[in-house]
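Enquirer: Okay, structure incoming, though there's no sequence with it:
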């Protein structure tokens, strides 16, 4: 929102000025301690010091010090430095009061429209007044200029807050998009990993079952070979006996039977060799699958550890979603603060309009002819 179209600045005096100090200090008076805001502004020919009440920013006292004013203070208060050294020393005095470095600021009320500010150095033997400055209620043109500076500063702060709010909102939106994209990617990756894990488990179970069946068959055939070898030995023994007994028919029958057994043995040996090769292939395939699982999920992981790892991945997804919700809450908080600042700015404008209206009715407009006014634009500073 642009507030420049809503705010009217009829009181900007053409002058060059620079802010030397702007902060809160603690001051002491007969009523006790209180906090006031101090603004030190350097103009072309003088410096202006504003004492502003914190609880009511429209109540202030002003002290202006030109070079000629300074030499009067120099003579009255035995000041040793010249004007060009006085200004930075004055700013340093306010810094010492702010930081409570053996220096306090006391206010002596002369009347409702006049007071004196004393800088008092705290010593063990006696307190010393380092400097005393007179302050008065502002003239009308000074008060107008103060209101203009105040509104301009508030508008500048509001514009900065709007820009910051916009940047934060864009960052949050971009962050949401990145987080959502990352969440979708992780969820897709999680689903894909689960599918791959299920397929690998099924394949591993199938290979293990096949391996166990082939292993049982191999040992069964091995036992059969052992039994057939025993039978073959027995047949050879009987065959030799038949040869010796010259039982040709029995001999030929036994020889044929022995030959059949030898063929059976050869077949079983071939089958055993084939089973051995298949077992080796399955062992290689099993080792490869275990290597793939180890590479995918880490070394020495069992099924429970893989499930734990997937649960951890799902926890990260939940964390990203929670961070998205917190970003959205931060945007809503910034929008609320922006609305509050807009409300304060409109209240300040209403106070100024009321003040200007009452002043115009009470004073002759010709008295303002000695000043040059133009609308204030804080962006042309």
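Expert: That came through fine. Quick caveat, the model's predicted, so the values are computed rather than measured.
Enquirer: looking at it, residue 207 is touching residue 289, isn't it?
Expert: Yes: with contact defined as Cβ atoms under 8 Å, residue 207 reaches residue 289; the gap is 7.1 Å. The C-beta positions use only the backbone N, C-alpha and C, and glycine is treated the same way.
Enquirer: contacting residues around the closest residue to residue 102 other than its chain neighbours?
Expert: Spatial nearest neighbour of residue 102, excluding adjacent residues (Cβ to Cβ, 6 or more residues apart in numbering): residue 122 at 5.1 Å. The neighbours of residue 122, taking Cβ atoms under 8 Å, 6 or more residues apart in numbering as the test, are 102-104.
Enquirer: Which parts of the chain belong to which domain?
Expert: By the assignment in automatic domain parsing, the chain contains the domains 1-138, 165-329.
Enquirer: I'd like the ones you listed written out as CSV, with distance to residue 357 added.
Expert: Below are the domains of the chain laid out as CSV (distance: least, Cβ to Cβ, whole Å):
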stretch, distance to residue 357
domain 1-138, 12
domain 165-329, 33
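Enquirer: need the contact list for the residue nearest in space to the middle of the chain.
Expert: Centroid-nearest residue in the chain, with Cα atoms, centre = their mean: residue 327, separated by 9.3 Å. Shown in contact with residue 327 (Cβ under 8 Å, 6+ apart): 172, 175-176.
Enquirer: what helix or strand is residue 291 on?
Expert: Using DSSP states H and E, the element containing residue 291 is helix 248-297.
Enquirer: which helices and strands does that helix pack with?
Expert: The contact analysis (3 or more Cβ pairs under 8 Å, 6 or more residues apart in numbering; DSSP states H and E) places helix 248-297 against helix 140-245, helix 303-362.
Enquirer: mind giving me TSV with the ones you listed and columns for mean pLDDT and distance to residue 269?
Expert: Formatted as TSV, the helices and strands packed on helix 248-297 follow (pLDDT from 0 to 100; distance: least, Cβ to Cβ, whole Å):
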stretch	mean pLDDT	distance to residue 269
helix 140-245	82	7
helix 303-362	72	40
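Enquirer: who wins for proximity to residue 36 among the ones you listed?
Expert: helix 140-245 (14.2 Å; Cβ to Cβ).
Enquirer: now the closest one against helix 248-297, angle please.
Expert: Between helix 140-245 and helix 248-297, the angle comes out at 170 degrees (axes from the mean of the first three to the mean of the last three Cα atoms, to 10 degrees).
Enquirer: follow-up on the earlier one: and the contacts of residue 327, which of them are buried?
Expert: The neighbour-count test (16 or more other Cβ atoms under 10 Å) marks 172, 176 as buried among these.
Enquirer: thinking again about what came up before, could you list which of the contacts of residue 122 belong to strands?
Expert: The strands, defined by DSSP state E, take in 103-104 from these.
Enquirer: Tell me where the model's unsure across the stretch 1-150 of the chain.
Expert: Within the stretch 1-150 of the chain, the segments meeting pLDDT under 70 span 1-16.
Enquirer: how about a cut-off of 90?
Expert: Within the stretch 1-150 of the chain, the stretches with pLDDT under 90 are 1-18, 30-31, 53-59, 100-102, 109-113, 122-128, 139-150.
Enquirer: Going along the chain, name the helices of it.
Expert: 67-77, 83-99, 140-245 (DSSP state H, counting those that start in this stretch).
Enquirer: In JSON lines: those helices, plus distance to residue 27.
Expert: Shown next, in JSON lines, are the helices of the stretch 1-150 of the chain (distance: least, Cβ to Cβ, whole Å):
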{"stretch": "helix 67-77", "distance to residue 27": "19"}
{"stretch": "helix 83-99", "distance to residue 27": "8"}
{"stretch": "helix 140-245", "distance to residue 27": "19"}
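Enquirer: and residue 36, how many neighbours?
Expert: Neighbourhood size, residue 36 [other Cβ atoms under 10 Å]: 20.
Enquirer: That should have said residue 146, apologies.
Expert: Number of residues near residue 146 (other Cβ under 10 Å) recorded here: 21.
Enquirer: what does residue 270 give?
Expert: Counted with other Cβ under 10 Å, residues neighbouring residue 270 total 10.
Enquirer: What pLDDT is listed against it?
Expert: For residue 270, the pLDDT comes out at 81.
Enquirer: try the one 10 residues further on
Expert: With respect to pLDDT, residue 280 has a value of 82.
Enquirer: Same check on the one 5 residues further on?
Expert: Among the per-residue scores, residue 285 shows a pLDDT of 76.
Enquirer: who's in contact with it?
Expert: With contact taken as Cβ under 8 Å, 6+ apart, residue 285 is in contact with residue 207.
Enquirer: Then residue 45?
Expert: 66-67.
Enquirer: Phi first, then psi, for it.
Expert: Here is the backbone geometry of residue 45 (degrees, to the nearest 10): phi -120, psi 0.
Enquirer: Tell me how far it lies from residue 60.
Expert: Noted for residue 45: a distance of 21 Å to residue 60, by Cβ to Cβ, to the nearest Å.
Enquirer: ditto for residue 111
Expert: From residue 111 to residue 60 the distance is 16 Å (Cβ to Cβ).
Enquirer: neighbour-wise, which of these two wins?
Expert: The residue with more neighbours, out of residue 111 and residue 60, is residue 60; 20 against 8, by other Cβ under 10 Å.
Enquirer: gap between that one and residue 20?
Expert: Distance of residue 60 to residue 20, given as Cβ to Cβ: 17 Å.
Enquirer: Compile the helices and strands packed on helix 248-297 into TSV and extend it with columns for distance to residue 126.
Expert: Shown next, in TSV, are the helices and strands packed on helix 248-297 (distance: least, Cβ to Cβ, whole Å):
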stretch	distance to residue 126
helix 140-245	37
helix 303-362	45
